[in-house]
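[1] turn this into a model:
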Amino acid sequence: VAFVVCRSLEGLKTFSYLEELILDNNLLGNDLLLPRLPHLHTLTLNKNQISFQRKLESLLDHLAEVVPSLQYLSLLGNIACPNELVCKEKDEDDYQRYRYFVLHKLTNLKFLDTRKVTRREREEALIRGAFMKVVKPK
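    Residues are numbered from 1 along each chain as shown. Below is the predicted model of the structure:
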């Protein structure tokens, strides 16, 4: 186990059998690009600089492509993860919409942030998840 603060993940491509990756408290942003890691099932990106839903969508699309076995994802402490701990204007409804949207994009997740994905959430994500992205007017 190694703990490093990083801005580039270029060296990860040599670890194709990696199963867990903890990248908390780094300076990683919306342009995060991971190499293909087919065995990765756990990814935590807590307290980074991932911001706003539009950018989150492209990150989630990227994750769906390069980490197909992902079951646990945590994005707490990023602007893209709306909760009361990060922003006083956000509430549980904002957070639940975010969960539906993420689950719509990453259908294999069993845990998102600190909570287990429920059957009801999965069903809602299939029906309404695509419509849960929050877009700010220009």
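
[2] chain neighbours aside, what residue packs nearest to residue 101?
    Distances taken as Cβ to Cβ, 6 or more residues apart in numbering place residue 132 nearest to residue 101, at 4.0 Å, with adjacent residues excluded. C-beta here means a position set from N, CA and C on the backbone, and glycine is covered the same way.

[3] what distance do you get for that neighbour to residue 73?
    16 Å (Cβ to Cβ, to the nearest Å).

[4] neighbour count: the two, which is higher?
    residue 73 (22 against 18; other Cβ atoms under 10 Å).

[5] the bottom helix or strand of the protein by mean pLDDT?
    Lowest mean confidence among the helices and strands of the chain (mean pLDDT, DSSP states H and E): helix 53-66, at a mean of 89.

[6] quick one: average pLDDT of the helix or strand that that one is followed by?
    As assigned by DSSP states H and E, the chain's next helix or strand after helix 53-66 is strand 72-74. Mean per-residue pLDDT for strand 72-74: 98.

[7] paired strands for strand 72-74, with orientation please.
    Partner strands and pairing direction for strand 72-74 (DSSP bridges) are strand 42-44 (parallel), strand 111-112 (parallel).

[8] out of those, flag the one nearest residue 59.
    strand 42-44 (11.0 Å; Cβ to Cβ).

[9] number of residues surrounding the nearest residue to residue 29 once chain neighbours are set aside?
    Sequence neighbours aside, residue 49 is the residue nearest to residue 29 in space, at 4.3 Å (criterion: Cβ to Cβ, 6+ apart). Residue 49: 16 surrounding residues under other Cβ under 10 Å.

[10] now the one 3 residues further on
    Residue crowding around residue 52 was assessed by other Cβ under 10 Å; the count is 15.

[11] ditto for residue 20
    By other Cβ under 10 Å, 12 other residues sit near residue 20.

[12] please enumerate the helices of this protein.
    Listed in chain order, the helices of the chain (DSSP state H) span 53-66, 92-105, 119-128.

[13] need the winner for burial among the ones you listed.
    helix 92-105 (a mean of 19; mean count of other Cβ atoms under 10 Å).

[14] wait, residue 16 sits on residue 66?
    No: counting by Cβ atoms under 8 Å, residue 16 sits too far from residue 66 to count as a contact (11.0 Å).
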